[in-house]
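Trainee: Prediction below, plus the sequence it came from.
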Amino acid sequence: MVKSTPDTAAPPKDERWQSLDLNMYGARIRFTINDDRFFEWMSFLLPRPRFTLAAVNEARHLIEYRIELGRPSHGGKERHYVYCNGERVGRAKRRDELQWLLERTVLREMARGLSAPFNLVHAAAAAKDGHGILFPAHSKSGKSTLVAALTLNGYEYFSDEIGVLTSHKTLLPFPKAITLKAGGWKAISTTFPEVHNITYHPAAGDRFRHLMAPKFHAPSSPESAVPVSLVIVPKYRPEGKTELQPESRAAVMGEFAKRSMNWTVMGGPAFQALAEVLKGAQCYRLYTNDLREAVAIVDSLVEGLKAPRAVAAQTA
Amino acid sequence: MKPRHVKGAFTQVLDGEVTVYEDRSDKVHILNASASVIWQLCDGDRTVQQVIEDVAAVYEKSEGELSETVTRLIADLVSQRLIEVGR
């Protein structure tokens, strides 16, 4: 017998459904799933399952996700479905494909729901000594691997996928685990063996690992979040040396334009706000091959940010 | 005819480079130096002829030398829907 699954199906009443509400940046996101291992399945999205940002968690939007895990039917095939506000947004044939599907579809839909007044950019993000660092880049550029390396070296983790910028030109975390592909995991575990001491979840066989960052940034309000001091466009270069190059703010704005996740919603004000962020930041391109060298380069940039303050203090 | 920025075009000057976001196409344009000068002169108050005169003054060249180039650059900006020509 083939089970029919219409695009707007209601949850079957004979399943055991569990729900979790997540309040984040003015949106309430409710996940419902028919599986006892809910938190395990959602761990990559929710490194802190009850993460809230107290000052801005008054829910303006409600986004409801229902994840329907199929059971093998008489035909012996499973089908798993993801619904967003009642509409089907994805399906997978295998459970281990579901995590990858969820990461793509749920994060994209969450970004839409979280949108205004936040500027969302496809980027990794981290901070050190009160300086926010944004790494706008496309997939497979090595930004997750780089941010994982930084978090293993004392940086606060913000995101490996979505940079959340406020109208105050500050950076907020987007709470999900770091998703490393096989190549990234190999590079990280070879260069920084201590990664084995922290929590990670393998997914989709060995294709992905979801890494729980050791230091997770959790500001109490957008105003207390960190200002963006550095914007670094990373590019993994398998052959060639690790190298930093200055980049013009206009060129980085071009990168932002390609990586923006909500300009179609926010329009011109988002562009203006990002320009203001860039005016207060130093901009670079970082070609990475050796992770330890890449971390050292970012360290030196952060050290350099301290220098003017020290000079100013001496002058005063 | 007075060229002007289309409605929905947002301009930012970053390190001297003019970047323009146009919200209908959701695209960012980074203008080169000469296009930047023309962009800033196409304010809806100047005619095309006045833009040519002002560009000639900026580059200290004759209007005849620059007329074709300026007209072409305005046409380029119009074709990219960054500028419209009003009367």
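Mentor: Alright, I've got the coordinates.
Trainee: give me every residue that touches B:Thr11.
Mentor: B:His5, B:Val18, B:Thr19, B:Val20, B:Trp39 (Cβ atoms under 8 Å, 6 or more residues apart in numbering or on different chains). Just so you know, the C-beta spots here come from the backbone N, C-alpha and C atoms, and that holds for glycine as well.
Trainee: Thought B:Leu41 was touching the second one, still the case?
Mentor: No - using Cβ atoms under 8 Å, B:Val18 and B:Leu41 do not qualify as a contacting pair, with a distance of 11.7 Å.
Trainee: Next, format the contacts of B:Thr11 as TSV and append neighbour count, secondary structure and distance to chain A.
Mentor: Listed next are the contacts of B:Thr11 as TSV, based on neighbours: other Cβ atoms under 10 Å in any protein chain shown; DSSP: H, G, I helix; E, B strand; the rest coil; distance: Cβ to the nearest Cβ, whole Å:
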residue	neighbour count	secondary structure	distance to chain A
B:His5	19	strand	12
B:Val18	20	strand	8
B:Thr19	26	strand	5
B:Val20	23	strand	9
B:Trp39	22	helix	13
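Trainee: Give me the pLDDT value at B:Glu68.
Mentor: B:Glu68 carries a pLDDT value of 94.
Trainee: Phi first, then psi, for it.
Mentor: Note on B:Glu68: its backbone torsions stand at phi -60, psi -40 [degrees, to the nearest 10].
Trainee: number of nearby residues for A:Ser144?
Mentor: 25 (other Cβ atoms under 10 Å in any protein chain shown).
Trainee: That one and chain B: what is the separation?
Mentor: To chain B, A:Ser144 is 25 Å away according to Cβ to the nearest Cβ, to the nearest Å.
Trainee: could you say what helices and strands the helix or strand harbouring that residue packs with?
Mentor: Element membership for A:Ser144, per DSSP states H and E: helix A:143-151. Where contact means 3 or more Cβ pairs under 8 Å, 6 or more residues apart in numbering or on different chains; DSSP states H and E, helix A:143-151 is packed against strand A:119-128, strand A:131-136, strand A:156-159, strand A:178-181, helix A:182-191, strand A:226-236, helix A:291-315.
Trainee: Can you say which of those is nearest to chain B?
Mentor: Evaluated with Cβ to the nearest Cβ, the helices and strands packed on helix A:143-151 place strand A:226-236 nearest to chain B, the distance being 11.6 Å.
Trainee: Note down every partner strand of the helix or strand following the closest one and its orientation.
Mentor: Downstream of strand A:226-236, the next assigned helix or strand under DSSP H and E is strand A:243-246. Take DSSP bridges as the rule and strand A:243-246 pairs in its sheet with strand A:282-288 (antiparallel).
Trainee: now the helices and strands packed on helix A:143-151 in TSV, with mean neighbour count?
Mentor: Below are the helices and strands packed on helix A:143-151 laid out as TSV (neighbours: other Cβ atoms under 10 Å in any protein chain shown):
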stretch	mean neighbour count
strand A:119-128	27
strand A:131-136	26
strand A:156-159	27
strand A:178-181	22
helix A:182-191	18
strand A:226-236	22
helix A:291-315	14
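Trainee: Lowest mean pLDDT across the ones you listed, which one is that?
Mentor: If you rank the helices and strands packed on helix A:143-151 by mean pLDDT, helix A:291-315 sits at the bottom with a mean of 77.
Trainee: which of the contacts of B:Thr11 sit farthest apart?
Mentor: B:His5 and B:Thr19 (13.2 Å; Cβ to Cβ).
Trainee: Send me the helix holding A:Ser144 as PDB with only the CA atoms.
Mentor: Extracted in PDB, the C-alpha atoms of helix A:143-151 (Å, rounded to 0.1, in the frame of the first residue of the first chain):
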ATOM      1  CA  LYS A 143      34.200  29.300   6.000                       C
ATOM      2  CA  SER A 144      32.800  26.600   8.400                       C
ATOM      3  CA  THR A 145      36.200  25.000   8.700                       C
ATOM      4  CA  LEU A 146      37.800  28.400   9.300                       C
ATOM      5  CA  VAL A 147      35.300  29.400  11.900                       C
ATOM      6  CA  ALA A 148      35.700  26.000  13.600                       C
ATOM      7  CA  ALA A 149      39.400  26.500  13.700                       C
ATOM      8  CA  LEU A 150      39.000  29.900  15.200                       C
ATOM      9  CA  THR A 151      36.600  28.700  17.900                       C
END
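Trainee: residues making contact with it?
Mentor: With contacts defined as Cβ under 8 Å, 6+ apart, helix A:143-151 is touched by A:123-126, A:128, A:133, A:135, A:137, A:155, A:157, A:159-161, A:178-181, A:183-184, A:187-188, A:191-192, A:195, A:211, A:213-215, A:234, A:236, A:286, A:288, A:291-292, A:294-295, A:298.
Trainee: pLDDT below threshold where in chain B?
Mentor: B:87 (pLDDT under 70).
Trainee: near chain A, which residues of it?
Mentor: Within chain B, the residues that sit near chain A (Cβ under 8 Å from any Cβ of the partner chain) are B:8, B:10, B:12, B:14-15, B:17-19, B:21, B:23, B:26-28, B:30.
Trainee: give me the element the closest residue to B:Ser67 other than its chain neighbours is part of.
Mentor: The spatial neighbour of B:Ser67 that comes closest, neighbours along the chain excluded (Cβ to Cβ, 6 or more residues apart in numbering or on different chains), is B:Ile52 at 5.3 Å. Using DSSP H and E, B:Ile52 falls within helix B:48-59.
Trainee: ok, the spatially most central residue of chain B - contacts?
Mentor: In chain B, the centroid-proximal residue (Cα atoms, centre = their mean) is B:Trp39; its distance is 2.6 Å. For B:Trp39, the contacting residues are B:His5, B:Thr11, B:Val18, B:Val20, B:Leu31, B:Leu77, B:Leu82, B:Ile83, by Cβ under 8 Å, 6+ apart.
Trainee: The fifth one and A:Ala127, how far apart?
Mentor: Counting by Cβ to Cβ, to the nearest Å, the separation of B:Leu31 from A:Ala127 is 33 Å.
Trainee: ok, B:Pro3 - contacts?
Mentor: B:Pro3 neighbours (Cβ under 8 Å, 6+ apart): B:Cys42, B:Gly44, B:Arg46, B:Val48, B:Val51, B:Ile74, B:Leu77, B:Val78, B:Ile83, B:Glu84, B:Val85, B:Gly86.
Trainee: could you redo those as a markdown table and give each row distance to A:Met253 and secondary structure?
Mentor: Putting the contacts of B:Pro3 into a markdown table (distance: Cβ to Cβ, whole Å; DSSP: H, G, I helix; E, B strand; the rest coil) gives the following:
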| residue | distance to A:Met253 | secondary structure |
| --- | --- | --- |
| B:Cys42 | 21 | coil |
| B:Gly44 | 25 | coil |
| B:Arg46 | 27 | coil |
| B:Val48 | 29 | helix |
| B:Val51 | 26 | helix |
| B:Ile74 | 23 | helix |
| B:Leu77 | 18 | helix |
| B:Val78 | 23 | helix |
| B:Ile83 | 20 | strand |
| B:Glu84 | 23 | strand |
| B:Val85 | 27 | strand |
| B:Gly86 | 28 | strand |
